[in-house]
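Novice: any chance you can model this:
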Amino acid sequence: MRRVLRWVAWSLGVLLAAFVVATLATMRSGDARLYPPPPGAARVDVQIVTNFYHSSLVVPREALAEAARRRSLPALAAVTAHFARYDRLEFGWGDEGFYTRVPTSAELTTALALRALFRPGNPSVLHVVGFSEPPRIAYPTATMAALTLSETGFDRLATMLDATFARKGRDASLEETGRGLYGHSLFYRAVGTFNVLRVCNHWIADLLAAAGVPTAPVLATMPQGLLWDLTWRAGAAPLPPPPGKS
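Specialist: Numbering: from 1, shown residues only. The predicted model follows:
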């Protein structure tokens, strides 16, 4: 029995050491020219929204439309025009089969999760939601944090976000795949395949890294790790729940 316990302890120690090494080896230090915003520079506030398995990004619609004009980003120009009556947009990326069939954690099943994580070549979608309430009011039960990006960093984030939208036909139009999960929302066909090595939280971390924010892909495998790293190294500000929701 003692031998078994020693073997288990040794195995756990090896796994922990491997996790720490992988985390440190893949950490991205960010770009000090972009983040945090230099004094006096134009800036854009964004929010990261998470639950226990998913992360998304909230941005001001007008700031995104301006970035689309500055950088000639046709997908974002089309999306911000479609959602023109809303102040903010939420963007999420994920496996098409899972994302479109699991609107809440109550619909989450082991079979769906295992297929999304371990079957190769899963097609992906983008989920876009328009809303005008303050983010903390719009998502009262979510865990949230806020970051202030430089305008240049936000433009780079917008360029990567634009590239995530798949195009179709000669006119390179966007492909809507159906109504979204809540509110005024739509699904769009996306670029890239989803699996355990490339989940929604990695996509959010990549967008923020493009804006100069320090991120850690290994920690970002789970939403809690993504937020912990952003709070610890990037100075993200956790947003308390609205009154009555704590």
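Novice: low pLDDT regions in this structure?
Specialist: Scanning the chain for pLDDT under 70 picks out 1-27, 102-121, 244-246.
Novice: got the phi and psi for the residue positioned nearest the centre of it?
Specialist: Of all residues in the chain, the one closest to the mean position by C-alpha atoms, centre = their mean is I204, 2.9 Å from it. Main-chain torsions, I204, degrees, to the nearest 10: phi -60, psi -40.
Novice: could you pull out the helices for the chain?
Specialist: Counting by DSSP state H, the chain has these helices, from start to end: 2-26, 61-71, 74-82, 96-99, 110-118, 135-138, 151-164, 200-210, 223-233.
Novice: one step back: beta partners for the closest residue to the residue nearest to the centre of the chain other than its chain neighbours?
Specialist: The spatially closest residue to I204, leaving aside those adjacent along the chain, is S55, at 4.7 Å (C-beta to C-beta, 6 or more residues apart in numbering). The way it works is simple: take the backbone N, C-alpha and C, and place the C-beta from them, glycine included. On the basis of DSSP bridges, S55 is bridged to T50.
Novice: quick one: contacts for S55?
Specialist: Residues near S55 by C-beta atoms under 8 Å, 6 or more residues apart in numbering: I48, V49, G92, C200, N201, I204, P223, L226.
Novice: burial count for the closest residue in space to the third one that isn't next to it in sequence?
Specialist: Read it as G92. Distance criterion C-beta to C-beta, 6+ apart; nearest residue to G92, sequence neighbours excluded, is S56 at 3.7 Å. Burial of S56 is recorded as 24 neighbouring residues (other C-beta atoms under 10 Å).
Novice: over to the one 5 residues further on?
Specialist: Taking other C-beta under 10 Å as the criterion, the count of residues near R61 is 21.
Novice: wait, it touches H82, no?
Specialist: No. Judged on C-beta atoms under 8 Å, R61 makes no contact with H82 at a distance of 10.3 Å.
Novice: that older thread, wait, the residue nearest to the centre of the chain sits on H54?
Specialist: No. In this structure, I204 is not within contact of H54 by C-beta under 8 Å, at 9.7 Å.
Novice: before we move on, back to that, enumerate every residue touching the residue nearest to the centre of the chain.
Specialist: Neighbour list for I204: I48, S55, S56, L57, W93, A220, L226 [criterion: C-beta under 8 Å, 6+ apart].
Novice: Y139 and G183: what is the separation?
Specialist: 11 Å (C-beta to C-beta, to the nearest Å).
Novice: more neighbours, the two?
Specialist: Y139 (24 against 12).
Novice: and the nearest residue to that one once chain neighbours are set aside, how far from T193?
Specialist: Setting aside the residues directly before and after it, Y139 is nearest to V49 in space (C-beta to C-beta, 6+ apart), at 5.3 Å. V49 sits 23 Å away from T193, going by C-beta to C-beta.
Novice: which residue, other than its chain neighbours, is closest to R61?
Specialist: Closest to R61 by C-beta to C-beta, 6+ apart is L89, at 5.1 Å.
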